[in-house]
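> just a sequence and a predicted model for now, questions to come.
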Amino acid sequence: MRILAAAILLAMAASPALARESLGVFDGWAAFRDPASGNSPPRCYAISETTGGDGGYATVGFWPAARVRAQVHIRLPRAMTPGTGTLSIGSRRFTMMVRGRGMWARDARMDAAIVAAMRGERSMTATAGSWSGRWVLTGTATAIDAAALGCARS
């Protein structure tokens, strides 16, 4: 159910002309590929909604045309004051940038460290302002790998 809700949110944000391709569902995570369309190059991502179902979700995205690989994005359920938030994975803490409804790593190096931590832990928690969201990481590694492979053919 969480995956379905997250997929619906992304479908509403995407152009109706795009035919999203499911790359699979892996426990609490799923992977999708949005094919190239018009001026939009293909993109792939792994995605999961928070365990509380509050509208927050996490993605790990791949945009080959922009040379973006494994970019972590936390979509917040509501806009927050710009500043920083924290992503906690096991004993690791990452200070992330908060802008509007998004929480982002500082750079590609931090994205890589976050993805490595996600692969080895059971859960992660994000906090921004008064909001806190939690994800179970079972299936994350497989979903990320499926997203990476889905865009490898681009």
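Nice, I can see it.

> C-alpha only now, for contacts and for neighbours.
OK.

> excluding covalently adjacent residues, which one is nearest to the residue most central in space within the chain?
By C-alpha atoms, centre = their mean, the mean C-alpha position of the chain lies nearest to Thr59, the distance being 0.5 Å. With C-alpha to C-alpha, 6 or more residues apart in numbering as the criterion, Thr59 has its nearest non-adjacent residue at 4.4 Å, and that residue is Ile47.

> who's that neighbour bridged to?
Listed by DSSP bridges, the beta-bridge partners for Ile47 are Ala30, Thr59.

> burial of it, as a residue count?
For Ile47, the neighbour count with other C-alpha atoms under 10 Å is 27.

> one more: Leu137?
Neighbours around Leu137, by other C-alpha under 10 Å: 19.

> now do Asp145
14.

> re earlier: I'd say the residue nearest to the centre of the chain and Thr50 touch.
No. Using C-alpha atoms under 8 Å, Thr59 makes no contact with Thr50, being 11.1 Å away.

> quick one: contacts for Gly133?
50-52, 56, 125-127 (C-alpha atoms under 8 Å, 6 or more residues apart in numbering).

> run the last query once more with 6 Å
Counting by C-alpha atoms under 6 Å, 6 or more residues apart in numbering, Gly133 touches 50, 125-126.

> out of those residues, who has the most neighbours?
Counting neighbours by other C-alpha under 10 Å, Thr50 comes out on top of those with 26 neighbours.

> next one: it relative to Pro77, how far apart?
With distances taken as C-alpha to C-alpha, to the nearest Å, Thr50 is found 10 Å from Pro77.

> rebuild the contacts of Gly133 as a markdown table, extending it with pLDDT and secondary structure.
What follows is those, written out as a markdown table (pLDDT from 0 to 100; DSSP: H, G, I helix; E, B strand; the rest coil):
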| residue | pLDDT | secondary structure |
| --- | --- | --- |
| Thr50 | 95 | coil |
| Thr125 | 98 | strand |
| Ala126 | 97 | strand |
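
> okay, those residues in a markdown table with distance to Ala113 next?
As requested, those are exported to a markdown table (distance: C-alpha to C-alpha, whole Å):
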| residue | distance to Ala113 |
| --- | --- |
| Thr50 | 21 |
| Thr125 | 15 |
| Ala126 | 15 |
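
> of these, which is the nearest to Met118?
For these, the residue nearest Met118 by C-alpha to C-alpha is Thr125; the value is 10.9 Å.
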